[in-house]
Each structure stands twice: as C-alpha cells, then as structure tokens.
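In: How does the following fold in three dimensions:
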Amino acid sequence: MKELFFALELINEFIWGHIAFILILALGGYFTLQSRFFQIRQFGPILRSFCSFFQKKARSETATTGIHPIKAFFAAIGGCIGIGNIVGICTAVQIGGPGALFWTWVGGFAGMLIQYSEVYLGMLHRVKNKQGSYDGGPMYFLPIAFKGKWIAPVICVLLSFYGVEIFMFNVMVDSISINWGLNEYIVIGVLLAAIFIVAAGGIKRVGEVCSALIPLFIILYLGMGFWILFQQIDLIPSIFAQIFEGAFTSQAAVGGFAGSTVMLTISMGLSRGAYSGDIGVGYTSVIHSESSTTQFGRQAALTIIGILLDTFIICTMSILLVLATGHWSSGIDVTLMVQEALGLTFPYMHFFMPLFLFLLGYTTILAYFVVGVKCAKFIHPKWGPRIYYAYAAVALPLFAFVDAVHAFLLMSLSGAFLLIFNLLGIFLLRRQVRFNLN
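Out: Take a look at the predicted model:
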C-alpha cells in the first residue's frame with residue numbers, strides 16, 4: 001500500500017505541478033486580462049451587490065423557482081470553508097514550505113474568475129426540474145463544449161466520488177474521538193446519521209445550516225488568529241520574507257521539515273488552495289445554479305467574495321499561525337498544527353478545536369454530499385441516489401481508519417481530473433462568459 005500511495009502522490013504532484021499549474025494560470029490570466037481585472041475593478045459593486053441580497057427581497061428574487069441567492073452562496077462556501085482551511089492547507093507548508101502560501105494566493109487570484117466562469121456557464125445552461133428548482137453545472141455545459149454526451153456521465157462519476165468527503169470525515173472522527181475520549185464507532189454512526197438526515201433536504205436545507213454555522217466560525221477563528229498574530233507582530237516581516245523567498249527557491253530541511261523543490265512548493269500551494277476553494281472542480285457551479293435569480297453575472301460574482309474569504313483570509317490565517325508559532329516544521333501531525341498554535345494562547349483548545357472541525361467538516365460534507373446526490377441522480381434518476389448513499393455508507397466509515405494524508409491524496413487526485421475537464425471546457429466556451437453584474 002505504501003508503494004501504491006507513493007505512486008499516486010507522484011501522479012498527483014505531476015498533475016498539479018505541471019498540468020493544473022499551466023491551466024489555472026493560463027485560463028485565470030486570460031479571463032483577468034480579457035475582463036480588465038474584473039475581480040479588482042468591480043470589487044466595490046460586487047460587495048454592494050452581496051450586501052443587497054441580505055436586504056428585503058426584490059421582486060425579481062421572490063420567484064417560486066430556485067432558492068434565494070444568499071442560501072446558494074452559503075451552501076457553496078459551506079463546501080469551500082472547511083477543514084481544508086485548517087488542516088488541508090497546512091499540508092502545503094508542511095511538505096512545500098512557507099513559499100507554498102504564495103502559490104496559494106496566485107491560484108486564488110486566478111481562480112476567482114475561473115470559478116465565476118463555471119458558475120456563469122452553469123446558470124446559463126441550467127434547466128428547470130420537477131422539484132421547483134434548477135439543475136445546472138458542468139454536466140450540462142461540458143457536453144456543449146466537447147460536442148459529445150460522453151463527458152456528462154464521466155463528470156458525474158468524478159463529482160459523485162468527490163462528493164463523499166472521506167478526508168474531512170476522517171479528520172472529524174479522529175479529532176472528536178481523541179480529544180473528547182469518545183468511541184470511534186459511536187462518532188462515525190452519529191456523524192453518518194447527521195449527514196444523511198440533513199442532506200435529504202437538498203441544497204436549500206444545507207444553505208440554511210451553513211448560513212447559521214459559517215459566520216459563527218469565521219468570527220471566532222479570525223478573532224483568535226488576529227490576537228495571536230498581534231502578539232507575534234515583530235515576526236510578521238520575516239515570515240512574509242520567508243513566503244516570497246520560498247516561492248521561487250528550493251528550501252533546505254528545517255526542524256521536522258524535510259525540504260522541498262520549487263516545483264513541489266508550487267504543486268502543494270496550488271493543489272491545496274484549489275482543493276480548499278474548489279477552484280475548477282465544478283461543485284460550486286452545481287449549487288449556484290439553483291439560485292432563483294436570473295442575473296447570472298450577479299450570482300457568479302458572489303464566488304469572488306467566497307474565494308476572498310476562503311483563500312486570502314482563512315487559509316492565510318491558518319498558515320500564518322503555524323509559521324509564526326513554528327509548528328509548521330515541528331514534525332507534529334498536520335491535524336494538530338493549528339490546534340497547538342492556538343493552544344499556546346487560548347486554553348481548552350483540545351475541546352474547542354474538535355468543535356470547530358465539526359462545524360466546518362459538517363457543513364463541507366453536507367455541501368459536497370448534496371452535489372453528489374444530484375450527480376448520481378443525473379446518471380440514473382431512480383438507482384443513482386440509492387447506490388450513492390450505499391457507497392457513502394461504506395466509504396466514509398472505511399476511510400475513517402486510514403491515514404488522513406492518504407484520504408486527502410485521493411480527494412486531490414479526483415479534484416485534479418475534474419479541474420482538467422472543467423477548465424478545458426470553460427476555455428472552449430469562453431466566449432459565452434460575460435463579466436458584468438446583470
């Protein structure tokens with residue numbers, strides 16, 4: 001098994017360090033130039049548009065078809081803002097060194113307009129369903145891009161596999177059972193039941209859960225993080241020097257850090273950042289396509305705020321915490337890095353961190369899961385969801401007992417293949433994308 005996962009890691013590193021690297025930067029750069037830096041130039045209007053969705057619903061937003069745009073937004077970032085922001089992103093610096101954060105930023109900046117485009121195309125080609133909502137996403141626009149129906153089931157299978165979030169389930173089970181002293185089998189059973197019950201309500205219910213939990217986490221986590229960084233403010237300049245220097249030079253071994261090449265640093269930064277922000281995966285497009293709004297650009301622009309929160313704020317906070325406290329090179333388990341960093345200042349983190357991970361992991365797993373159900377239903381309306389639930393009931397408990405790094409690797413690989421198909425398809429349909437708020 002070690003040889004198998006070593007081979008898979010080499011494949012994963014090659015895809016993210018070469019193919020995905022080129023695709024993300026090329027397509028993201030193309031859209032950035034073609035839109036005249038839309039993500040910067042229109043950020044003010046995008047933010048005002050986001051805030052207006054919280055106000056009294058406009059007449060055009062009270063349509064009976066679809067769900068409210070804000071619920072779609074929170075359901076989508078429920079999948080983005082998760083354990084990947086605390087645990088997954090730390091593997092980037094653990095393996096690739098501090099410079100990986102720079103490439104995470106690069107991927108996030110380019111990914112803003114990639115995600116905008118996939119949501120825009122998903123809504124442009126969506127169809128109404130019998131449940132009073134919409135179905136959209138890459139399985140609807142990629143057949144147009146590749147001029148063949150074969151791509152839709154391939155994407156749905158990959159998204160169904162991606163939708164069973166084995167990595168975050170693994171981290172949740174470990175964190176709760178170890179820190180709270182609970183039996184692993186009981187934890188697994190309770191989590192499975194909680195996932196299946198809420199997921200049965202679809203994206204609308206997931207959006208309601210995420211809109212209640214995500215803001216709470218953001219306020220608490222950023223509040224604690226900024227307090228610790230304030231205590232270490234004298235180290236911040238040297239930390240940023242490490243980040244920028246490490247982005248372009250090979251890094252020697254330091255403490256528990258084994259050293260890395262520039263290509264490994266790029267691979268880690270891009271892959272972990274893309275995984276955390278779901279850049280190019282297509283899942284975000286499926287969720288936003290259920291929005292009731294008919295202003296495709298306005299809904300798609302919400303993804304820019306999502307990436308800002310996910311990559312430039314929360315992921316950055318996590319990495320700065322482990323760099324400032326030295327835990328990135330201490331050799332401790334990656335699942336404990338942020339917990340130990342926060343624990344230096346705040347007591348009882350062995351109790352609160354599992355709660356944080358539960359809040360984040362639960363919302364993420366829910367968001368992914370409902371997308372997987374929709375994809376399984378696309379393949380076969382009757383048997384698809386049943387087979388998908390059966391697969392989840394087996395895969396989630398099974399991968400709760402494997403190394404979290406191996407679970408993350410499988411998710412990263414499936415995300416890489418999804419990214420390749422989606423980005424090529426988006427490029428082929430690039431002329432259909434309009435960068436505006438109408």
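In: CA only for contacts and neighbour counts going forward, please
Out: Will do.
In: Show me the strands in this protein, by range?
Out: Ranges of strands in the chain, per DSSP state E, are 127-128, 134-135.
In: what stretches of the stretch 301-438 of the chain score poorly on pLDDT?
Out: Residues of the stretch 301-438 of the chain meeting the criterion pLDDT under 70: none.
In: Tell me where it has helices.
Out: 316-324, 337-343, 349-379, 383-399, 404-428 (DSSP state H, counting those that start in this stretch).
In: so which of those comes closest to L8?
Out: With C-alpha to C-alpha as the criterion, L8 lies closest to helix 404-428 of these, at 7.7 Å.
In: The closest one to helix 383-399, inter-axis angle?
Out: Using axes from the mean of the first three to the mean of the last three C-alpha atoms, to 10 degrees, the direction of helix 404-428 lies 140 degrees away from that of helix 383-399.
In: name the helices or strands packed onto helix 404-428?
Out: On a contact count with 3 or more C-alpha pairs under 8 Å, 6 or more residues apart in numbering; DSSP states H and E, helix 404-428 meets helix 2-14, helix 20-34, helix 100-124, helix 138-146, helix 151-163, helix 166-180, helix 262-277.
In: Which of those helices sits closest to Y283?
Out: helix 151-163 (7.3 Å).
In: Give me the distance from the closest one to the chain's centre.
Out: 17 Å (C-alpha atoms, centre = their mean, to the nearest Å).
In: Show me the contact partners of that helix.
Out: 138-140, 142-143, 282-283, 365, 368-373, 375-376, 378-379, 388, 411, 414-415, 418, 421 (C-alpha atoms under 8 Å, 6 or more residues apart in numbering).
In: how far off helix 383-399 does that helix point, in degrees?
Out: Going by the same axes, to 10 degrees, helix 151-163 makes 30 degrees with helix 383-399.
In: G122 and L142, how far apart?
Out: Distance, G122 to L142, by C-alpha to C-alpha, to the nearest Å: 9 Å.
In: now swap in Y391 and tell me
Out: Y391 sits 26 Å away from L142, going by C-alpha to C-alpha.
In: Of those two, which one has the most company?
Out: Shown here are Y391 and L142; by other C-alpha atoms under 10 Å, L142 has more neighbours (27 against 14).
In: Identify the residue nearest the more buried one in space, chain neighbours excluded?
Out: Leaving aside its chain neighbours, L142 sits nearest to G425 (5.6 Å; criterion: C-alpha to C-alpha, 6 or more residues apart in numbering).
In: neighbours around the closest residue to L182 other than its chain neighbours, how many?
Out: In space, and not counting its chain neighbours, L182 is closest to I176: 7.0 Å by C-alpha to C-alpha, 6+ apart. Residues lying near I176 (other C-alpha under 10 Å) number 21.
In: do K128 as well
Out: K128 - counted by other C-alpha under 10 Å - has 13 other residues nearby.
In: what's the distance between the nearest residue to it once chain neighbours are set aside and H125?
Out: Spatial nearest neighbour of K128, chain neighbours left out: Y134 (4.4 Å); criterion: C-alpha to C-alpha, 6+ apart. Separation of Y134 from H125 (C-alpha to C-alpha): 10 Å.
In: of those two, who's got more company?
Out: Neighbour comparison, Y134 and H125: the larger count goes to Y134, with 22 against 17 (by other C-alpha under 10 Å).
In: Quick check: the more buried one touching V286?
Out: No. Assessed by C-alpha atoms under 8 Å, Y134 is found out of contact with V286, at 9.3 Å.
In: Let's see stretch 248-258 as PDB, backbone CA atoms only.
Out: Extracted C-alpha coordinates of stretch 248-258, given in PDB (Å, rounded to 0.1, in the frame of the first residue of the first chain):
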ATOM      1  CA  PHE A 248      11.000  30.700  -6.000                       C
ATOM      2  CA  THR A 249      13.900  28.900  -4.400                       C
ATOM      3  CA  SER A 250      14.400  25.300  -3.200                       C
ATOM      4  CA  GLN A 251      14.100  25.100   0.600                       C
ATOM      5  CA  ALA A 252      16.500  23.200   2.900                       C
ATOM      6  CA  ALA A 253      15.400  21.000   5.700                       C
ATOM      7  CA  VAL A 254      14.400  22.900   8.900                       C
ATOM      8  CA  GLY A 255      13.400  21.000  12.100                       C
ATOM      9  CA  GLY A 256      10.800  18.500  11.100                       C
ATOM     10  CA  PHE A 257      10.600  20.000   7.600                       C
ATOM     11  CA  ALA A 258      12.300  17.700   5.000                       C
END
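In: So what touches that stretch?
Out: Q94, I95, G97, G99, G259, S260, T261, V262, W328, S329, S330, G331.
In: Without its sequence neighbours, what residue ends up closest to L213?
Out: L359 (6.6 Å).
In: ok so, going back, show me what contacts the residue nearest to L182?
Out: L182, V187, P354, L355, F358.
In: How much space separates it from P347?
Out: 17 Å.
In: Adding mean pLDDT and distance to S35, write the strands of the chain out as JSON lines.
Out: Shown next, in JSON lines, are the strands of the chain (pLDDT from 0 to 100; distance: least, C-alpha to C-alpha, whole Å):
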{"stretch": "strand 127-128", "mean pLDDT": "92", "distance to S35": "27"}
{"stretch": "strand 134-135", "mean pLDDT": "90", "distance to S35": "27"}
